[in-house]
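Trainee: Need the 3D shape of this:
(2 chains)
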2 protein chains.
Amino acid sequence: MESISIGLLGLGTVGSGVVKIIENHQDKLCHQIGCPVKVKKALVLDLEKQRELELDPEILTLNPEEVLLDPEIDIIVEVMGGIEETKEYLIQALEQKKHIVTANKDLMALHGPELLDVASKNQCDLFYEASVAGGIPILRSLVDGLASDRITKMMGIVNGTTNFILTKMSKEGRTFDDVLAEAQRLGYAEADPEADVGGLDAARKMAILSTLGFSMNVDLADVKVKGITEVSGEDLHYGEQFGYTMKLIGVAHREGEKVEVSVQPTLLESKHPLASVNDEYNAVYVYGEAVGETMFYGPGAGSLPTATAIVSDLVGIMKNMRLGVNGKSAILPEFPKKLKEDHEIFSKYFLRLRVKDEVGVLAKITSIFSNYGVSFEKILQNPLEENGFSEIVIVTHGESLYNHEKVLQELNDYQFVQSIESSYRVEGGNVHEMARSVVSV
Amino acid sequence: MESISIGLLGLGTVGSGVVKIIENHQDKLCHQIGCPVKVKKALVLDLEKQRELELDPEILTLNPEEVLLDPEIDIIVEVMGGIEETKEYLIQALEQKKHIVTANKDLMALHGPELLDVASKNQCDLFYEASVAGGIPILRSLVDGLASDRITKMMGIVNGTTNFILTKMSKEGRTFDDVLAEAQRLGYAEADPEADVGGLDAARKMAILSTLGFSMNVDLADVKVKGITEVSGEDLHYGEQFGYTMKLIGVAHREGEKVEVSVQPTLLESKHPLASVNDEYNAVYVYGEAVGETMFYGPGAGSLPTATAIVSDLVGIMKNMRLGVNGKSAILPEFPKKLKEDHEIFSKYFLRLRVKDEVGVLAKITSIFSNYGVSFEKILQNPLEENGFSEIVIVTHGESLYNHEKVLQELNDYQFVQSIESSYRVEGGNVHEMARSVVSV
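Mentor: Sure, this is the predicted structure:
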């Protein structure tokens, strides 16, 4: 092989970072791969735009076919974003026997298994490390570990914007709106923050992680999602009092052959390793049957970390090219998808209620829980300033989501409960005990 | 290839774990590698010993040559420990064109580059992921990242025993001796704990990490080592007051072409991700020029995590065998070794002095520091119960190790300083600022 040619779809900050790394590490890359690497074409939206990069203007094109159909291009790096049109481009490229590196989580969460299948049928590699937590080599670590272990649980802080917001709200006592505005000023949050704060971005990443980690075709629609917009200072305050830290946690949990995948604001035991992941950082905690607890921490986004992940994928593909083994390393879903029902999803819950302060109210509330077999781990009652009302904060022992929702419904219907202020899942307890007891290889 | 045969040197808990994983994951391994894998021979010390494993007695042997010279054996898994004799065995195996997986940090820290060289000359793979932090795929992550990035700094909590001891001392206010005794009862510390508490075990792992991460032949003798035996409750207490957590930290730091590698009890800013790594857990924090901060967390030892790492290495070798590319993936040291001099090693320091309480003493002490250009970040003076004495606690701004030692010497010679109670390196400040400012690809 004389040289390897790369075509870029998109040349924003990530794409430019890829070009810079390839230029600056040319010697090292050449040493590892055995031949030079060059960027041949890049699809852009505007040929005249001022760019930091000094590039031969011949490289830029407005016509996707000049990238997708160029017979000299071996690998396509997709950093343009978008879903349906982008998918068509990538399928076209795969049919031209071009390998693909993509950082596109929206696309992979919706069409990952289908695209991997097209890649496999064309003996092509499709690598997507950068689509989940850019600076963390989590997909590669999962693939390596899967050979000799089986994953029971993954928990991820996989959205930097929401982690930044919750960290500032917790540590500085500020409101959601106030911190969101700062995040937007700093460029950590989009002008339209809905995909981040609503949990959709995290849900996409959890769909990708679950599909790979459980070897099961988990769709984005299978992920239960709740965002952080309703998280209040009171919730953070009570959480802290009880020894918890509020995080937007993606949970993917397998028991037997059935899985549950969800994203929601969660009160995490403060001693859990994820509880110390602050600011815009990301981390993925993985529990494997044999290896026990591991956690991978790093920047979740940013042009250089993402570009680095893309170049690592490029190196993987180029090594496979040299060895002539492309299209063989993809792990296609091996198990049929089986999702847990609500009565099979167990967790502890935190609840905050506003109730009328009358004789017998607490007894009645307690009986609503106990009718569903739910007992309390912690309970706290505080009188409220408004006369005749008090606030009750409860942490339950493990209960099913089905029962939890029944309890919420009955509480809501009970005349002396003025409002259910909040309800959060609680995670992270007894991690070490679990690590020591669940051992089966 | 009809099947791949493995020979084991050693069949303790780790070796038995490897056998169990190979048996229980036979289908998955076979699917990945394309042929069955079997354990053909295992060198043991006692043929009659009761074992948990049910093994064909034909597999066991007391004669190393039955493993090393068996022409049917493709890969040797070394889990017997030891250094010189073991090295000879491995060289013999490599000369027989057998690939090697080893978990032996003592051996790799002392003779790693030499063994890798012999492996390379024989077109053999020598993989050693399990030698550093068993459950954490840190070596693989370094290798992957190195293709497109350059490492500036690694900091590791790479010894579970000392982390367990320091965690208990910090959180429960117990003494070193008391916690060490508990660690021995729990099996976290050896009957002879010297290699752990003296820092040697951590130093071995830092030598291995530095050699790989900086692509430079860093010897064990190049690592400056100090253990935790002198860490006292007072130090932990003052550290906490100042916002630090005491950890035994291995530091490997490159500036330009020169590196510094050391292991010492260190006061770490409590917000640093390593500060929350507790109990017997390990973690390696890596700062790469492009990717920024990442951290890998997991069990540092334990038979199943270590066995899992070994099997991942086995899978890597077996894939290479199928591809016919063994002996090509080793990264041999690329740069000449250049160690920093003491005047080039910069750090903040924490110091605790016991001084006579007289007029002018603090002024004199301050002048000793300022004569070497060292200023204070924090200072605290407490009267001691013993009349006429007080304790001075200082955190300096960055200073060179050379100057720090000169200061210590002058303090020691000064008549009003009764004793220098402790002196620790301080790490972890301004991590995020650093992450944002050091960007060059």
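Trainee: since we're on A:Ala130, how many residues are nearby?
Mentor: If you count neighbours by other CB atoms under 10 Å in any protein chain shown, A:Ala130 ends up with 29. The way it works is simple: take the backbone N, C-alpha and C, and place the C-beta from them, glycine included.
Trainee: Kindly report the same for the one 3 residues further on.
Mentor: Residue neighbour count, defined by other CB under 10 Å, stands at 31 for A:Ala133.
Trainee: Helix, strand or coil: sort out it for me.
Mentor: Recorded secondary structure, A:Ala133: coil (DSSP: H, G, I helix; E, B strand; the rest coil).
Trainee: State the distance from it to chain B.
Mentor: Using CB to the nearest CB, to the nearest Å, A:Ala133 is found at 10 Å from chain B.
Trainee: check contacts around that residue.
Mentor: Contacts for A:Ala133 (CB atoms under 8 Å, 6 or more residues apart in numbering or on different chains) come out as A:Gly156, A:Val158, A:Lys205, A:Asn282, A:Ala283, A:Val284, A:Phe296, A:Gly298, A:Gly300.
Trainee: Out of those residues, which is nearest to chain B?
Mentor: Nearest to chain B, judged by CB to the nearest CB, of the contacts of A:Ala133 is A:Gly298 at 3.6 Å.
Trainee: quick one, the helix or strand containing the closest one and strand B:292-299 angle?
Mentor: Applying DSSP states H and E as the criterion places A:Gly298 in strand A:292-299. In terms of direction (axes from the mean of the first three to the mean of the last three CA atoms, to 10 degrees), strand A:292-299 departs from strand B:292-299 by 170 degrees.
Trainee: can you give me how far strand A:292-299 is from the chain middle?
Mentor: What separates the centre of strand A:292-299 from the centre of its chain is 13 Å, taken as CA atoms, centre = their mean, to the nearest Å.
Trainee: could you check whether it is close to chain B?
Mentor: Yes - Strand A:292-299 lies within reach of chain B by CB under 8 Å from any CB of the partner chain, at A:Gly292, A:Glu293, A:Thr294, A:Met295, A:Phe296, A:Tyr297, A:Gly298, A:Pro299.
Trainee: what's around A:Met108, how many residues?
Mentor: Neighbour count for A:Met108, taken as other CB under 10 Å: 24.
Trainee: quick one, what contacts it?
Mentor: By CB under 8 Å, 6+ apart, the contact list for A:Met108 reads A:Thr102, A:Leu115, A:Tyr128, A:Ser131, A:Arg204, A:Ile208.
Trainee: related to what we said a few turns ago, let me have the residues of strand A:292-299 next to chain B in JSON lines, adding distance to A:Val261 as columns.
Mentor: Shown next, in JSON lines, are these (distance: CB to CB, whole Å):
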{"residue": "A:Gly292", "distance to A:Val261": "22"}
{"residue": "A:Glu293", "distance to A:Val261": "19"}
{"residue": "A:Thr294", "distance to A:Val261": "19"}
{"residue": "A:Met295", "distance to A:Val261": "19"}
{"residue": "A:Phe296", "distance to A:Val261": "18"}
{"residue": "A:Tyr297", "distance to A:Val261": "21"}
{"residue": "A:Gly298", "distance to A:Val261": "22"}
{"residue": "A:Pro299", "distance to A:Val261": "24"}
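Trainee: Now do the domain split for chain A, please.
Mentor: When chain A is parsed with automatic domain parsing, its domains come out as A:4-134+A:303-323, A:138-299, A:342-426.
Trainee: Which member of the contacts of A:Ala133 is positioned nearest B:Ala189?
Mentor: Comparing those against B:Ala189 with CB to CB places A:Phe296 closest, at 28.0 Å.
Trainee: give me every residue that touches the closest one.
Mentor: Neighbour list for A:Phe296: A:Ala133, A:Ile136, A:Pro137, A:Ile138, A:Ser141, A:Ala283, A:Val284, A:Val286, B:Thr294, B:Met295, B:Phe296, B:Tyr297 [criterion: CB under 8 Å, 6+ apart].
Trainee: make it 7 Å
Mentor: Listed by CB atoms under 7 Å, 6 or more residues apart in numbering or on different chains, the contact set of A:Phe296 reads A:Ile136, A:Ile138, A:Ser141, A:Ala283, A:Val284, B:Phe296.
Trainee: cool, A:Tyr238 as well?
Mentor: Residues counted as contacts of A:Tyr238 (CB under 7 Å, 6+ apart) are A:Arg352, A:Val393.
Trainee: and A:Asp413, how many neighbours does it have?
Mentor: A:Asp413: 9 neighbours (other CB under 10 Å).
Trainee: same question, the one 5 residues further on
Mentor: By the other CB under 10 Å criterion, the neighbourhood of A:Gln418 contains 14 residues.
Trainee: same thing with A:Ala189?
Mentor: 22.
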